[in-house]
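Undergrad: predicted model and sequence below, questions to follow.
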Amino acid sequence: MAAAVYLEQHLDSLEALPLELQRNFNLMCDLDKRSQDTMIEIDKQADSYLATVKNLSQSERQRRYTQISKLFERSSEYGDDKVTLAMQTYEMVDKHIRKLDNDLARFEAELKEKSLTIETPTPRPDKGKRGRKRKGDEEDNSKGQKRKKKDIKENIQEPETLTPEFSGGHPSDVLDMPVDPNEPTYCICHQVSYGEMIGCDNNDCPIEWFHFPCVNLTSKPKGKWFCPRCTGERKKK
């Protein structure tokens, strides 16, 4: 595949990326504003509750406390949605970077294979002299040709087979490719971010983010989720 074709395909895949990024950034800004407005409302209701709590009945206290708790839950949901959206945006950009790396590797492999094909010598048959040949000469020529064919076969190098990392078929093949050493790693597998990930709800978790397959998840669980390490520590307590 020519370099121009690789370039054209990559540019086509990037055509919609700016609009998708702009959309996600706008959504994150909107979620951030909603969360800030909710926190302001929580502060107002909390100040009002503390100032009048002595004069409130038990039922009124419970009602206002429940109302403040719901506001906290709503603010927490805004934060979770914002984090999820940020991870999706990162994965969106990272997917294009990985595709570009994969295309570059495939293109280099094709160039290498083509250069090997060009450098491979093509044996040319010797043109014999016209006329009758003696039996001894024919045997010598036959032996000489056999030796030449054997030498040619030994000199011909088999073209290298493309390794799986160039096939570009499976995400695990892409993960085997070299990554930026400065890029942060996550999860118990100590790999970079890819695919769907989930965060541990333990604020003191040393790892924080995990890939779904590494913790045997196929979808986001409802409610709070703790990683295996934090779950074990909580059971000990």
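TA: It's in. Residues are numbered from 1 along each chain as shown.
Undergrad: what about the residue sitting nearest the centre point of the chain, is that helix, strand or coil?
TA: What sits nearest the mean C-alpha location of the chain, by CA atoms, centre = their mean, is Y194, with 3.6 Å. Per DSSP: H, G, I helix; E, B strand; the rest coil, the local secondary structure of Y194 is coil.
Undergrad: average model confidence for the helix or strand hosting K44?
TA: With elements taken from DSSP states H and E, the one containing K44 is helix 17-52. Helix 17-52 shows a mean pLDDT of 90 in the predicted model.
Undergrad: how about it: buried residues?
TA: By neighbour count, with 16 or more other CB atoms under 10 Å as the criterion, the buried positions of helix 17-52 are 24, 28, 31, 34-35, 38, 42, 49. Heads up, the C-betas are built off the backbone N, CA and C, glycines and all.
Undergrad: roughly how far apart are the residue nearest to the centre of the chain and F25?
TA: From Y194 across to F25, the span is 21 Å (CB to CB, to the nearest Å).
Undergrad: so the residue nearest to the centre of the chain makes contact with D94?
TA: Yes - if you go by CB atoms under 8 Å, Y194 and D94 touch, sitting 6.7 Å apart.
Undergrad: identify the bridge partners of I198.
TA: On the basis of DSSP bridges, I198 takes part in beta bridges with F210.
Undergrad: give me the number of residues near it?
TA: I198: 21 surrounding residues under other CB atoms under 10 Å.
Undergrad: got a pLDDT number for the residue nearest to the centre of the chain?
TA: Looking at Y194, its pLDDT reads 80.
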